[in-house]
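Visitor: generate coordinates for the sequence data below:
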Amino acid sequence: MKKIQADKTELVVKKRDVFGKKLKALRADGKLPGNIYGKDFESTAVSLDSHDFSKIFKKVGETQVLYVDLDKKEIPVMVGNVQIHPVTGHFLHVDFKKVDLKKKIEAQVPVNIVGEPEAVHQHIGELHTLIDTLTIEALPSDMPQEIEIDVTGLKEVDDQITVSDLKKSGDFAFMDEPDTVIVKIAEHKEESIEPEVPAEAAEGEASAEGEAPADEEKVEEVSTENEKEETK
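Guide: Presented below is the predicted three-dimensional model:
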């Protein structure tokens, strides 16, 4: 990985001719298999340094443009699908989508909640985040890395922030419906705790409402038999 401008990062990749079961050995050697695809671009299998990708992915995520150096040719791309091992958390495969820097694209940009709502501080209610990403349209180079939302001003139950409340800090557009609720103050949830009923009391209640307990049935049977004997 190398920086080629202050805000431009390049990732060196190489064409890959290893597939299938042989990828295990490739990963063991510290390499990550990947693929570059896009409009008017022939899909190309590549490999890259896994450690370099890990560092750059933390910086650009799936919303920022980076440049892959393939055979000394710079290709503007964005990270697409990333496959991660469910147990180890290691990267298994990555797709890079070639982008046209002159055409607008849409991307899911994460929401970053900052501040503590006054309603939470005063124990009036609790903050609920209803969506954690927003659909943004922009040129690839103008795509924000995140959308910061300050919730300090939420003071009462039902106070909320919608897409229409957001102020843009760059050359991009919100594509979600203006009335889409992002965060909201809700009442505290009170957990109802049912009192425990002693086992003996529970048995007594059951016998009163339902059939008599077995012991009572036996007593009734014995008393009936005694009555018959006395009659004789």
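Visitor: give me the low-pLDDT residue ranges for this protein?
Guide: 1-7, 190-232 (pLDDT under 70).
Visitor: ranges for the strands of it?
Guide: 2-5, 8-15, 31-38, 41-49, 66-70, 73-84, 91-98, 105-114, 126-129, 133-138, 147-150, 160-162, 173-174, 181-186 (DSSP state E).
Visitor: I'd like those as JSON lines, with distance to V120 appended.
Guide: Yep, even glycine has a C-beta here, placed from its N, CA and C like the rest. As requested, the strands of the chain are exported to JSON lines (distance: least, CB to CB, whole Å):
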{"stretch": "strand 2-5", "distance to V120": "41"}
{"stretch": "strand 8-15", "distance to V120": "38"}
{"stretch": "strand 31-38", "distance to V120": "42"}
{"stretch": "strand 41-49", "distance to V120": "44"}
{"stretch": "strand 66-70", "distance to V120": "38"}
{"stretch": "strand 73-84", "distance to V120": "33"}
{"stretch": "strand 91-98", "distance to V120": "37"}
{"stretch": "strand 105-114", "distance to V120": "11"}
{"stretch": "strand 126-129", "distance to V120": "6"}
{"stretch": "strand 133-138", "distance to V120": "22"}
{"stretch": "strand 147-150", "distance to V120": "13"}
{"stretch": "strand 160-162", "distance to V120": "14"}
{"stretch": "strand 173-174", "distance to V120": "26"}
{"stretch": "strand 181-186", "distance to V120": "8"}
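Visitor: count the neighbours of V151 for me.
Guide: V151: 22 surrounding residues under other CB atoms under 10 Å.
Visitor: now do P144
Guide: P144: 19 neighbours (other CB under 10 Å).
Visitor: same thing with the one 4 residues further on?
Guide: Residue crowding around E148 was assessed by other CB under 10 Å; the count is 13.
Visitor: fine by me, thanks again.
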